[in-house]
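[1] Got a sequence here, can you build the structure:
(chains A and B)
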Protein chains: 2
Amino acid sequence: MSDLHIRPATVEDVPAIVAMLADDMLGKSREDAADLTPYLAAFAVADADPHQHIVVAERDGRVVGTLQLTVIYGLSLKAATRGQVEGVRIHRDERGTGLGTTLMEWAATRAKELGCSLIQLSSNSARTDAHRFYERLGYSGSHIGYKMNL
Amino acid sequence: MSDLHIRPATVEDVPAIVAMLADDMLGKSREDAADLTPYLAAFAVADADPHQHIVVAERDGRVVGTLQLTVIYGLSLKAATRGQVEGVRIHRDERGTGLGTTLMEWAATRAKELGCSLIQLSSNSARTDAHRFYERLGYSGSHIGYKMNL
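    Numbers count the residues shown, from 1 in each chain, chains lettered A, B, ... in the order given. Next up, the predicted model:
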């Protein structure tokens, strides 16, 4: 394996992140990589929020993975601080290399550094491969994830 | 029904919120209402974060419901802004009155006002009554919710 860095995303990474979001079994019908305007606007807001961490994995100068970690301070579970993971994607060329594991382990370590006692995510029921992956990492699929469009 | 207000929680509401968190099928073994220190500390952080909204429902001057709405700006789903709901609790005396529906409808309306195009939550698989409740409100249990302690 060549040199891998995991680092905060910058605005210059947005096209590569969106390309990965779109190159996905569900994302291909839900994303629009041809118009970056909404993605750039959302990135600016997230980037200004100290509790949002959009990161990329870079290998040899190329963006090959991404996820977003949100730190949620709340009262339940004895005021547990939660790390919530969204938007996990690995570049097609890097799937099966262990990069997903490295990136998720990085997220757990970073969440703990940020004071989280719990890390959580929800995964579409159709993503059966992802479910096995999260279970291997030690996650428990103890909850039902509900969504509603507004 | 007498007069109901849904409003941002203040530090004075924390004891009543924690009492509701603890008076719950899962919360009773997970919360410690005798020591408010961690709850007060977490409330201060959440209260200072413009993207966190801990709210209470108050009837006749008494706190009878609570939830937390977190606004998450991210890149996936064409940069959808998500409203995430945590810590939904209704006081024992008010269960079955429709307050849960009122509070969750308030959350969806507020999330939309805050720019969210999606509202989401996860519910422990053991909370079968809650699942029917969320489904009646229009939520789809399309995801598996994964958690891992750190």
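[2] Next, count neighbours for A:K78.
    19 (other C-beta atoms under 10 Å in any protein chain shown). In this view, the C-beta of every residue, glycine as well, is placed from N, C-alpha and C.
[3] In terms of helices and strands, where is it?
    Using DSSP states H and E, A:K78 maps to helix A:76-79.
[4] just the strands in chain A please.
    Taking DSSP state E to define them, one finds strands in chain A at A:4-8, A:52-59, A:62-73, A:81-90, A:118-124, A:140-149.
[5] May I see the ones you listed organised as TSV, with mean neighbour count added?
    Listed next are those as TSV, based on neighbours: other C-beta atoms under 10 Å in any protein chain shown:
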stretch	mean neighbour count
strand A:4-8	14
strand A:52-59	21
strand A:62-73	22
strand A:81-90	22
strand A:118-124	21
strand A:140-149	19
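[6] Of those strands, which is nearest chain B?
    Chain B lies closest, by C-beta to the nearest C-beta, to one member of the strands of chain A: strand A:140-149, at 2.8 Å.
[7] Show me what that closest one pairs with in its sheet, parallel or antiparallel.
    Applying DSSP bridges, strand A:140-149 is found paired with strand B:118-124 (antiparallel), strand B:140-149 (antiparallel).
[8] Throw these into JSON lines and include mean pLDDT, thanks.
    Conversion of these to JSON lines gives the following (pLDDT from 0 to 100):
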{"stretch": "strand B:118-124", "mean pLDDT": "97"}
{"stretch": "strand B:140-149", "mean pLDDT": "97"}
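[9] can you put these in JSON lines and add distance to A:T102?
    JSON lines is the format used below for those (distance: least, C-beta to C-beta, whole Å):
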{"stretch": "strand B:118-124", "distance to A:T102": "25"}
{"stretch": "strand B:140-149", "distance to A:T102": "16"}
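[10] Among the ones you listed, single out whichever gets nearest to A:E135.
    Closest approach to A:E135 among the strands paired with strand A:140-149 (C-beta to C-beta): strand B:140-149, 8.1 Å.
[11] Give me the contacts around the closest one.
    Residues outside strand B:140-149 that contact it (C-beta atoms under 8 Å, 6 or more residues apart in numbering or on different chains): A:108, A:117-125, A:131, A:134, A:137-148, B:120, B:122-123, B:131, B:134-135.
[12] how long is stretch A:21-32 end to end?
    Counting by C-alpha to C-alpha, to the nearest Å, you get 9 Å between the two ends of stretch A:21-32.
[13] Over it, what's the mean pLDDT, rounded is fine.
    In this model, stretch A:21-32 has a mean pLDDT of 90.
[14] Flag every buried residue along it.
    A:21-22, A:24, A:27, A:31 (16 or more other C-beta atoms under 10 Å in any protein chain shown).
[15] Quick check: the farthest pair among those residues?
    Taking C-beta to C-beta as the measure, those span a maximum distance of 7.8 Å, between A:D24 and A:E31.
[16] centroid residue for chain A?
    Closest to where the C-alpha atoms of chain A average out (C-alpha atoms, centre = their mean) is A:L67, at 2.2 Å.
[17] contacting residues around that one?
    Applying C-beta under 8 Å, 6+ apart to A:L67 gives the contacts A:54-55, A:85-89, A:103-104, A:107.
[18] repeat for A:A48
    Contacts for A:A48 (C-beta under 8 Å, 6+ apart) come out as none.
[19] cool, A:I17 as well?
    By C-beta under 8 Å, 6+ apart, the residues touching A:I17 are A:9, A:39, A:54, A:56, A:63, A:66, A:87, A:89, B:75.
[20] what's the average pLDDT for the lengthiest helix in chain A?
    Counting by DSSP state H, the longest helix found in chain A is helix A:99-113. For helix A:99-113, the mean per-residue pLDDT is 97.
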